[in-house]
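Asker: quick one: sequence and predicted model below, then my questions.
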Amino acid sequence: MKRKTKMLLISYGAALLLVFNAALWACHVGANDYRNRLDVHANRAFSEAFHAVERLDHSLKKLPFASGSAMENVICSEISSDAQCVEAALAILPVELDALEQISKHVSVVGDYAFALSRAAADGKVIPEEAKTVLADLSKTTASLLESLGALQQALSDGAVVTERYDRLTDALDDLEQGTASAADTLDTELHNLAEHFKAVPALTYDGKYTDRDVEHPLALEGKPEVAEEQARENAASFLKCNADRLESLGQSEGSIPCWRFQLEQNGETTVSVTVQGGQVLRILASEQGRASDDVDQAVKFLENHGFENMKPISWEKQQYVHVIEEVYFYPDAISVLLSDDGSVLLFDASEYLMHHQVRDLSAFQKELDVSSLVPEGVSIQESRKVIMLSPGGEERPCLELTCQSSDGTRCVMDVNLETGLQERLRLDGESNF
């Protein structure tokens with residue numbers, strides 16, 4: 001090789017090496033800047049979460065000192081509010097949400113349980129000792145969580161724990177230079193470990209969203225025999241008015257109401273679920289949404305033809321119909337149905353009806369109430385309706401539903417419990433009945 005050629009190759013090689021080093025240095029500068037920004041975000045988010053849990057811990061520790069229903073109501077309301085702040089703070093942490101599932105569940109139960117107790121305290125009822133014992137246990141678990149988060153926050157600040165995204169980026173650059181990787185743990189991993197060893201939320205029975213209900217089986221299907229897949233297919237075909245051999249089996253699904261599932265190829269795909277127990281059509285969904293009919297009488301007649309009698313519309317916007325007996329609207333017995341102009345089913349969902357429908361004692365509705373005494377001064381009652389509604393814990397409550405209007409024209413729906421004579425729920429006009 002000629003001397004001139006060798007010199008050119010050496011020059012090109014040196015230039016290439018300089019370019020590569022410059023590019024690598026630029027990547028490191030960019031990675032470090034990215035790392036610094038993530039550090040700031042992670043530390044700020046973690047600080048928010050830590051201080052939110054700290055406030056919740058302090059509120060829980062106040063309760064043993066509260067005396068009388070008024071102060072217990074104040075503290076329980078404070079606990080509920082602080083729990084919501086913790087949930088919001090956990091949501092912005094730079095980790096996968098499933099890492100926080102067990103922790104979030106604990107916080108949700110704390111807030112919901114305290115909220116249920118605050119309602120009782122607001123009615124003048126002193127919190128029972130067993131409920132205080134439950135809150136004491138939840139307080140200990142929260143204190144343990146605070147301690148763990150404090151240690152993790154310190155590790156994050158010291159650099160012993162890093163965020164996963166920039167850890168991967170800087171490790172890749174280190175591999176190019178040295179073939180080594182960072183030994184620091186990631187925040188995501190640490191939170192996974194914390195959640196994995198987190199104390200399980202106790203089973204609580206109370207009137208709230210996270211209560212452990214004793215009854216989770218469909219009441220309308222009690223005592224009915226199970227049906228085989230072929231019988232379920234026949235029931236689905238009869239409901240859809242098609243030949244059974246056109247329904248393709250999708251197998252059996254589990255859940256609170258186990259079902260046989262089928263698919264019909266007709267103007268798109270229509271899926272239908274039939275309950276294993278009783279062989280009742282539970283749900284139908286058509287993928288091809290034709291022009292929806294707004295004929296309420298057509299929908300009521302459709303429901304009647306399929307065994308759902310005495311149904312009345314409660315919300316056309318959501319195509320919801322409920323069972324009505326002796327002028328009492330049973331909100332738990334709800335069915336959603338949407339038909340096309342030609343009468344074909346676009347949507348049908350009877351899960352709530354099958355879960356709750358039963359024979360009920362209506363004696364509470366014989367009670368006479370002076371409704372004028374139930375509303376504040378300056379509020380007028382526009383109309384009233386007898387209803388059965390579900391409490392947050394799934395308990396049925398006989399209520400008088402009053403549609404009211406204030407002097408400035410604001411409309412509100414007030415549910416008054418006929419057993420206690422107290423307001424059960426307030427909803428601004430347009431909010432859901434369910």
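Answerer: Looks like it came in fine.
Asker: low-confidence ranges, the stretch 151-300 of the chain, go.
Answerer: 161-185, 187, 212-216, 267, 288-290 (pLDDT under 70).
Asker: please redo it, this time with the cut-off set to 50
Answerer: 165-183 (pLDDT under 50).
Asker: burial count for Gln277?
Answerer: 18 (other CB atoms under 10 Å). Heads up, the C-betas are built off the backbone N, CA and C, glycines and all.
Asker: so it sits against Leu221, correct?
Answerer: Yes - under the criterion of CB atoms under 8 Å, Gln277 makes contact with Leu221 at 4.8 Å.
Asker: quickly list what's touching both of the two.
Answerer: Ile257 (CB atoms under 8 Å, 6 or more residues apart in numbering).
Asker: look at Arg283 and say how many residues are nearby.
Answerer: Neighbours of Arg283 (other CB under 10 Å): 18.
Asker: that one pairs with what?
Answerer: Ser273, Asp349 (DSSP bridges).
Asker: does it touch Val272 like I think?
Answerer: Yes - counting by CB under 8 Å, a contact exists between Arg283 and Val272, whose distance comes to 7.2 Å.
Asker: what residues sit buried inside stretch 226-237?
Answerer: 227, 232-237 (16 or more other CB atoms under 10 Å).
Asker: which ones among those map onto strands?
Answerer: Using DSSP state E, no member of the buried residues of stretch 226-237 sits in strands.
Asker: from these, pick the one nearest Trp260.
Answerer: Ala232 (3.8 Å; CB to CB).
Asker: just checking, what packs against the helix or strand Leu346 falls within?
Answerer: Using DSSP states H and E, Leu346 falls within strand 345-349. Strand 345-349 sits against strand 281-286, strand 328-339, with contacts defined as 3 or more CB pairs under 8 Å, 6 or more residues apart in numbering; DSSP states H and E.
Asker: can you pull out the strands in the protein?
Answerer: 161-162, 185-186, 247-253, 259-265, 269-275, 281-286, 311-315, 320-325, 328-339, 345-349, 380-390, 396-405, 411-417, 423-428.
Asker: let's have the ones you listed in a markdown table, adding distance to Asp370.
Answerer: Formatted as a markdown table, the strands of the chain follow (distance: least, CB to CB, whole Å):
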| stretch | distance to Asp370 |
| --- | --- |
| strand 161-162 | 63 |
| strand 185-186 | 64 |
| strand 247-253 | 50 |
| strand 259-265 | 48 |
| strand 269-275 | 45 |
| strand 281-286 | 43 |
| strand 311-315 | 27 |
| strand 320-325 | 25 |
| strand 328-339 | 20 |
| strand 345-349 | 39 |
| strand 380-390 | 11 |
| strand 396-405 | 11 |
| strand 411-417 | 11 |
| strand 423-428 | 14 |
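Asker: what's the burial count for the nearest residue to Gly150 once chain neighbours are set aside?
Answerer: Closest residue to Gly150 in three dimensions, ignoring its sequence neighbours and counting by CB to CB, 6 or more residues apart in numbering: Phe50, at 6.5 Å. If you count neighbours by other CB under 10 Å, Phe50 ends up with 18.
Asker: and for Val328?
Answerer: Neighbours of Val328 (other CB under 10 Å): 18.
Asker: now do the same contact list for it.
Answerer: 362, 365, 386-388, 398.
Asker: list buried residues within the residues you listed.
Answerer: 365, 386-388, 398.
Asker: out of those, who's nearest Glu190?
Answerer: Ile388 (48.3 Å).
Asker: which strand residues bridge the closest one?
Answerer: Phe330, Pro398.
Asker: so what's it up against?
Answerer: Counting by CB under 8 Å, 6+ apart, Ile388 has contacts 328-332, 360, 396-399.
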